[in-house]
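[1] could you work out the structure for the sequence below:
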Amino acid sequence: MTNEEDARIKRDNSLCTFLATNAAAFKGDIAFEAIVTKTTSDYAATVLAATAAETDNKGYSLEKVHAKEAACLLASQLCASSQVKLDLLGNVIVSSSLNSTVTFYSQATDVQSASRMQNVLDIMETNLAIITVGYLTEVQLSDFQTKINTFKGLSGTTTSVNSSSPITTKALIAAIKTGAANVVTVKKLAKKYPIINPPFYAGLLMACKIPPIVVRHTPVNITVTDAITKAPIENVKGTLSKTVELGLSTSTGIIPYSNVSAGTAISTYKLTGYMTGVQTVKIKRGVTNSFAFAMVAGTMTEEMDEAITAKVKAFLDAEVSKKVAKAAKAKASRAAKA
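    Here you go, the predicted model:
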């Protein structure tokens, strides 16, 4: 399931919850009650389709992704608060043993992430007496432990996504499209309510909105091979402009990245005895992206290194220029509407 599909399902859940809570507002409105019944029934079908697709998507659990995000965010928050108090006490040793950076936990493998979070939890628990209430409490630590246990207890991983079968995938997509069509109908039949019940109408429109689609945990796997022998190459150092992760190829020649933003990116591949490689890749949101690169044996000269550095810089500068131009266009558009 992609991040966009997940967001649309969350929207449908929000809408059904709102309609159930505010049933009195449209009681007796036969047409509206009919679409509410259909929307509720179709949402239930969507949930079943999503469950089937995720179960079929062996090795991957979207629920585990969400659990990891929740635990990592809390780890960052509690560590930051604890460090404030420890720094005030001048306890540099304990303070430096904590880490308040979310990516320290979220960009690690699932096993490593859980281990890091459990480690800082144990440190905070041991030093709870000196950190004191106001900065950290037993209740917060208990909640943190629960989130870690939930994350560890879920099956699958947050990065190793294998394609589910076309049947379950198509069923989920069809169910989501049905839900989207229901939202359109709901909004059409609700056009009388701005006049007779403005608060209900305002709440309904909010419930019909798709929540922000957060681009996180989009995995990218790049397979590096020898251009002549076609054999996988180990220990190739890789960079990818859409992530801060530093890549290193495994024994199977794969450079894995777990947290990449969507869009066009530039990657480099470097290993002694081979010509440094550069390629641009287009990363799709919310799915596993797989690419390949064949390295040519040879020795890099200083001029070659400079040329690659200049190429990467030109790409990054162009990306920045695009963002600036896009922001300026959006600003101009807002000004024109004002």
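
[2] low-confidence stretches in the stretch 151-300 of the chain?
    The model of the stretch 151-300 of the chain has pLDDT under 70 over residues 159-167, 213-217, 286.

[3] helices along that one, start to end?
    166-189, 193-196, 198-207 (DSSP state H, counting those that start in this stretch).

[4] buried residues in the first one, which are they?
    It stands for helix 166-189. Going by neighbour count (16 or more other Cβ atoms under 10 Å), the buried part of helix 166-189 is 168-169, 171-172, 175-176, 178-179, 182-183, 186, 189. Placement of C-beta: from N, CA and C, glycine included.

[5] just the closest of those to Asp29, please.
    Nearest to Asp29, judged by Cβ to Cβ, of these is Leu189 at 7.9 Å.

[6] need the contact list for the closest one.
    Leu189 is in contact with 29, 31-32, 35, counting by Cβ atoms under 8 Å, 6 or more residues apart in numbering.

[7] please name the bridge partners of Lys270.
    Lys237 (DSSP bridges).

[8] surely it meets Val278?
    No - under the criterion of Cβ atoms under 8 Å, Lys270 is not in contact with Val278, lying 9.8 Å apart.

[9] among the contacts of Leu189, which one lies nearest to Thr250?
    Nearest to Thr250 among the contacts of Leu189, with distances taken as Cβ to Cβ, is Ile35, at 52.1 Å.

[10] for that closest one, grab phi and psi.
    The phi/psi pair for Ile35 (degrees, to the nearest 10) reads phi -70, psi -30.

[11] hmm, it is touching Thr185, no?
    Yes - with contact defined as Cβ under 8 Å, Ile35 counts as touching Thr185 (5.1 Å).

[12] how is the chain divided into domains?
    Split into domains by automatic domain parsing, the chain comes to 3-60+160-207, 62-153, 218-327.

[13] so can I have a markdown table of these showing distance to Arg334?
    Output for these, formatted as a markdown table (distance: least, Cβ to Cβ, whole Å):
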| stretch | distance to Arg334 |
| --- | --- |
| domain 3-60+160-207 | 21 |
| domain 62-153 | 31 |
| domain 218-327 | 11 |
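
[14] mind checking which of those is nearest Lys337?
    That would be, of the domains of the chain and by Cβ to Cβ, domain 218-327, which comes in at 16.0 Å.

[15] start and end of that closest one, how far apart?
    By Cα to Cα, to the nearest Å, the extent of domain 218-327 from end to end equals 25 Å.

[16] next one: that domain to chain centre, how far?
    Using Cα atoms, centre = their mean, to the nearest Å, the distance from the centre of domain 218-327 to the centre of the chain it belongs to is 21 Å.

[17] now do the contacts for Ala49.
    Here Ala49 is in contact with 168, 171-172, 174-175 (Cβ under 8 Å, 6+ apart).

[18] which one of these is nearest Ala325?
    Closest to Ala325, out of all of the contacts of Ala49 and judged by Cβ to Cβ, is Leu172, at 36.7 Å.

[19] before we move on, back to that, export the buried residues of helix 166-189 to CSV and tack on distance to Gly90?
    Below are the buried residues of helix 166-189 laid out as CSV (distance: Cβ to Cβ, whole Å):
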residue, distance to Gly90
Thr168, 57
Thr169, 57
Ala171, 60
Leu172, 55
Ala175, 58
Ile176, 55
Thr178, 61
Gly179, 56
Asn182, 60
Val183, 56
Val186, 59
Leu189, 65
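
[20] got the angle for the helix or strand harbouring Ala53 vs helix 166-189?
    Per DSSP states H and E: Ala53 is located in helix 30-56. Computed by axes from the mean of the first three to the mean of the last three Cα atoms, to 10 degrees, the angle separating helix 30-56 from helix 166-189 equals 160 degrees.
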